[in-house]
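Enquirer: Make a model of this:
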Amino acid sequence: MAIPTHDVSLDGADHVVHFYEQDPELVDAVANYVAGGVVADGMAIVIATEAHREAFIMALEVLGIDTVEARTGKRLVFLDAATTIAAFMRDGQIDRDAFHKVVGGLLRTAAESGRAIRAYGEMVSLLWDAGDVVGAIELETLWNELGCELPFSLYCAYPAASVSGSEHAQALHEVCNLHSSVLQGVRGNDLRAPEAASARRLEAEFAAERISPGHARRLVLGALAEWGCGPRLLEDAAVVVSELATNAVLHAASSFSLSVTLEDSLLRIAVHDARPLSVTVRGGLSPQPTHGLGLVEALSLRWGAEGTVKGKAVWAELRASNELAPDEFQASR
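Expert: Residues are numbered from 1 along each chain as shown. Predicted structure coming up:
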């Protein structure tokens, strides 16, 4: 899901990533995100470079935040990114237990206050820029582990120039998949799989977790919006992705892979899971009229399921042409 950088308002479990072009763009977005938490009597934890910390403080003061009072009241915490990384690195590698002790300990203490927590971090960016792309991805994963344990929102940031280029395409795609949303401000072809810019194809893999269908839905909506798809298709695709992904997690009890292809006037969505087909109704699945696959059937030109070597694939095709423009769409509702 792509959301504007000037309106960064996150739910408690959101983990977003911002690929920013220029520092002023980042400073404006982060300051608004942090200020929103402080004003609401929440708590903000900012892990950044010295230059960015100073810029954030200035921007927060412009927004009317008394940063001295907020820091004294422990509603605003600033940490140095490089120093924090060093605290959980062992022999050039991330030590998982040390991360959970250092960063996890900070967040556990913050959670004891009962305040809503907003965290911002650019440690992953420092690792990436240092050539430790694997470490950056590992750190994103560890943040997600903490997110399963503690209630907080997390905003990560990378300079767009650092992650652009075909040599980073697969790693960048993996980073995007570890986030619930991608903030606008990066060139669209950098956010998709290597072949997606020309073929309009998106592929991603998800764990067998209850939050995965939501992550899959947001990823697809972000891609479709960047591809110029209209609101009707976005609404229908959101339902189809949610239903197919939820079935994979709840009924197949399986991790799943998602593929989305937009070609000419046809959008194809497919979810692959590890559970084989067991009956012979519509390729192994029986739709119910008012929910689940019944909705998929109602919204799709056609849909079906087929066995694969590793389980099954459930797919649906939606018409992508003849959509109303956004203003016409609103008027018709």
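Enquirer: next structured bit after the strand or helix carrying residue 261?
Expert: In this assignment (DSSP states H and E), residue 261 forms part of strand 256-263. Following the chain from strand 256-263 toward its C-terminal end, the next helix or strand by DSSP H and E is strand 266-273.
Enquirer: The next helix or strand after that following strand packs against which elements?
Expert: As assigned by DSSP H and E, the chain's next helix or strand after strand 266-273 is helix 293-299. Packed against helix 293-299 by the contact rule (3 or more Cβ pairs under 8 Å, 6 or more residues apart in numbering; DSSP states H and E) you find helix 231-246, strand 302-308, strand 311-319. (C-beta placed from N, C-alpha, C; glycine too.)
Enquirer: now the host helix or strand of residue 97: mean pLDDT?
Expert: In this structure, residue 97 sits in helix 96-111 according to DSSP H and E. Confidence for helix 96-111, expressed as mean pLDDT, is 95.
Enquirer: Return the distance of it from the chain's centre.
Expert: Put simply, helix 96-111 sits 22 Å off its chain's centre (Cα atoms, centre = their mean, to the nearest Å).
Enquirer: Quick check: residue 69 vs residue 254, distance?
Expert: 50 Å (Cβ to Cβ, to the nearest Å).
Enquirer: Looking at the two now, which is surrounded by more residues?
Expert: Higher neighbour count among residue 69 and residue 254: residue 254, with 20 against 11, using other Cβ atoms under 10 Å.
Enquirer: Am I right that that one is in contact with residue 275?
Expert: Yes - Residue 254 is within contact range of residue 275, at 5.4 Å (criterion: Cβ atoms under 8 Å).
Enquirer: which residues do these two both contact?
Expert: Among the neighbours of residue 254, those also in contact with residue 275 (Cβ atoms under 8 Å, 6 or more residues apart in numbering) are 248, 311.
Enquirer: domains in this protein, as residue ranges please.
Expert: Following the assignment in automatic domain parsing, the chain carries domains at 2-189, 231-332.
Enquirer: So which of those is nearest residue 225?
Expert: Smallest distance to residue 225 across the domains of the chain (Cβ to Cβ): 5.7 Å, for domain 2-189.
Enquirer: next one: that closest one to chain centre, how far?
Expert: With Cα atoms, centre = their mean, you get 13 Å for domain 2-189.
Enquirer: Kindly report the same for stretch 241-251.
Expert: Offset of stretch 241-251 from its chain centre (Cα atoms, centre = their mean): 18 Å.
Enquirer: first to last residue in that stretch, what's the distance?
Expert: 15 Å (Cα to Cα, to the nearest Å).
Enquirer: Give the buried residues for it.
Expert: Across stretch 241-251, burial judged by 16 or more other Cβ atoms under 10 Å covers 241, 242, 243, 244, 245, 246, 247, 248, 249.
Enquirer: so where is the chain shaky, pLDDT-wise?
Expert: Residue ranges of the chain with pLDDT under 70: 1-12, 184-199, 278-291, 321-333.
Enquirer: Mind doing that once more with 50?
Expert: Within the chain, the stretches with pLDDT under 50 are 1-8, 185-199, 279-291, 322-333.
Enquirer: Output the domains of the chain in TSV, with distance to residue 222 appended to each entry.
Expert: Formatted as TSV, those follow (distance: least, Cβ to Cβ, whole Å):
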stretch	distance to residue 222
domain 2-189	4
domain 231-332	10
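Enquirer: With residue 207 as the reference, name the closest of those domains.
Expert: Evaluated over the domains of the chain, closeness to residue 207 peaks at domain 231-332, with 5.2 Å, by Cβ to Cβ.
Enquirer: next one: the closest one to chain centre, how far?
Expert: Counting by Cα atoms, centre = their mean, domain 231-332 is centred 20 Å from the centre of its parent chain.
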